[in-house]
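>>> Need a 3D model of the sequence below.
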Amino acid sequence: MQAFRVRGRGLPLDEPVEWWVVDGRLSAEPVADAETIFDGGWVLPGLVDAHCHVGLGPGGEIELDEAVAQAETERGVGALLLRDAGSPTDTRVFDDRLDLPRIVRAGRHLARPKRYQRGFAAELEDQWQLPDAVAQQARWGDGWVKLVGDWIDRDTGDLAPLWSDDVLEAAIDAAHANGARVTAHVFGEDALPGLIKAGIDCIEHGTGLTEDTIDLMVEYGTALVPTLINIENFPDIAGAAHKYPDYQKHMRALYQSCSARIGAAREAGVPIFAGSDAGSAVAHGRIAEEVDALKGVGMSPTEALGAACWDAREWLRRPGLEHGASADLVCFAEDPRTGAAVLGNPTMVILRGVVY
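Model (predicted):
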């Protein structure tokens, strides 16, 4: 029997914790002669990146070796549970790799032709194909499906919804009937009411939130993953869209108002979780920076860390620190709430009971 002990302080209660690791699992019961390998700092469940595209590159699908490197980068910063919010690369073989973080997959993005980034999505010619496509992705994935809610419409020259309200209602019902939750990429304002009223479970980005749609999210219990470090790319995205001045103006306005809108959602009680959007425009291994960015919209240091740790694990229906759970831990000699310099550099990472 392989056994060792970690001891320190836990969060959010900031009280002493002590765990024994036995054959890769946590035990609250003492184990005689177990070696103490960490003592005196902070002991947390593995971090969560709730919007992290393992298997996605700038052009879409990538080789599995590159996807492995992405996952290893996340493991290095202690992100041991990843919600892959859409990927064209089939990474299900990673489930047999005990050295890689656990991945909750949403399958492929679902979009209309020429209404998302080339090579990223499964593109549906007829929007009424969406319910069947959602059901298929729900059966393929790990409890989530990813829609593209809005994107630039080249005919109008600005952001516009991809789906009608009745199609969304049928599609989200199909996902729920297959045991999956649904999330959607949304930058602008117009797609949000239909998605929320159709019962969507989460909104990604949410830069177009208004007082009305925030109220709807509270009413329907819709979560938000704002990917704030990716929003920093909006000025460059706008700058490259020379043919579409209305879109340029809109994207710049969304960028300027983002902090206020996300902060208002938090104040209203919308559940918010941390996701970096790593995989294309954002490098992997940056979840600590996203936690810092959440502090900038009004979250306390403990609340922001919870959005990438214990609260996010509960939302994703995955265990934290509890007897019998997999020993997926991050340990810090200094308080991880102090900032990305500490949070992004764990003293020790333990995945399935193996120390990295």
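
>>> roughly how far apart are Pro245 and Asp132?
Pro245 sits 38 Å away from Asp132, taking C-beta to C-beta, to the nearest Å as the criterion. Just so you know, the C-beta spots here come from the backbone N, C-alpha and C atoms, and that holds for glycine as well.

>>> shaky segments in this structure?
1 (pLDDT under 70).

>>> 80 instead, please
Along the chain, the parts satisfying pLDDT under 80 run over 1-2.

>>> Just give me the residue right at the centre of it.
Ala50 (1.6 Å; C-alpha atoms, centre = their mean).

>>> That one contacts Phe273, correct?
Yes: counting by C-beta atoms under 8 Å, Phe273 is a contact partner of Ala50 at 4.4 Å.

>>> quick revisit: can you pull the contacts of the residue nearest to the centre of the chain?
Arg83, Ala85, Val225, Phe273, Ala274, Gly275, Ala308, Ala312, Trp315, Leu316 (C-beta atoms under 8 Å, 6 or more residues apart in numbering).

>>> could you redo those as a markdown table and give each row distance to Gly10?
Putting the contacts of Ala50 into a markdown table (distance: C-beta to C-beta, whole Å) gives the following:
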| residue | distance to Gly10 |
| --- | --- |
| Arg83 | 23 |
| Ala85 | 28 |
| Val225 | 25 |
| Phe273 | 20 |
| Ala274 | 19 |
| Gly275 | 24 |
| Ala308 | 15 |
| Ala312 | 16 |
| Trp315 | 19 |
| Leu316 | 19 |
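
>>> Including secondary structure, neighbour count and distance to Glu15, could these go into a markdown table?
Converted to a markdown table, the contacts of Ala50 look like this (DSSP: H, G, I helix; E, B strand; the rest coil; neighbours: other C-beta atoms under 10 Å; distance: C-beta to C-beta, whole Å):
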| residue | secondary structure | neighbour count | distance to Glu15 |
| --- | --- | --- | --- |
| Arg83 | strand | 29 | 28 |
| Ala85 | coil | 29 | 33 |
| Val225 | strand | 27 | 29 |
| Phe273 | coil | 24 | 24 |
| Ala274 | coil | 32 | 23 |
| Gly275 | coil | 32 | 28 |
| Ala308 | coil | 28 | 20 |
| Ala312 | helix | 27 | 21 |
| Trp315 | helix | 19 | 23 |
| Leu316 | coil | 19 | 24 |
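
>>> And those residues, which two are furthest apart?
Ala85 and Ala308 (14.7 Å; C-beta to C-beta).

>>> And the next helix or strand past the strand ranked longest in the chain?
Identified as the longest strand of the chain according to DSSP state E is strand 35-45. Counting by DSSP states H and E, the next helix or strand C-terminal to strand 35-45 is strand 47-49.

>>> Can you give me the domain boundaries for the chain?
Using the TED database, the domain parsing of the chain gives 4-44+320-355, 47-316.

>>> deepest of the ones you listed, which one?
domain 47-316 (a mean of 20; mean count of other C-beta atoms under 10 Å).

>>> So which residues of the chain form helices?
64-76, 130-140, 165-177, 192-197, 211-220, 228-231, 234-240, 245-268, 287-295, 301-306, 310-315, 340-343 (DSSP state H).

>>> Using CSV, write out the CA atom coordinates for the first one.
Once non-C-alpha atoms are left out, helix 64-76 reads as follows in CSV (Å, rounded to 0.1, in the frame of the first residue of the first chain):
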residue,chain,number,x,y,z
LEU,A,64,-2.9,14.3,-30.4
ASP,A,65,0.7,14.9,-29.3
GLU,A,66,0.1,18.7,-29.4
ALA,A,67,-3.1,18.2,-27.4
VAL,A,68,-1.1,16.1,-24.8
ALA,A,69,1.3,19.0,-24.5
GLN,A,70,-1.7,21.4,-23.9
ALA,A,71,-3.0,19.1,-21.1
GLU,A,72,0.5,18.8,-19.5
THR,A,73,0.7,22.6,-19.4
GLU,A,74,-2.6,22.7,-17.5
ARG,A,75,-1.4,20.0,-15.1
GLY,A,76,1.8,22.1,-14.5
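
>>> Okay, angle between that helix and helix 287-295 too, please.
Angle of helix 64-76 versus helix 287-295, following axes from the mean of the first three to the mean of the last three C-alpha atoms, to 10 degrees, is 60 degrees.

>>> Same check on the fifth one?
Direction vectors for helix 211-220 and helix 287-295, defined by the same axes, to 10 degrees, enclose an angle of 110 degrees.

>>> do the third one as well
Angle between the axes of helix 165-177 and helix 287-295 is 130 degrees (criterion: the same axes, to 10 degrees).
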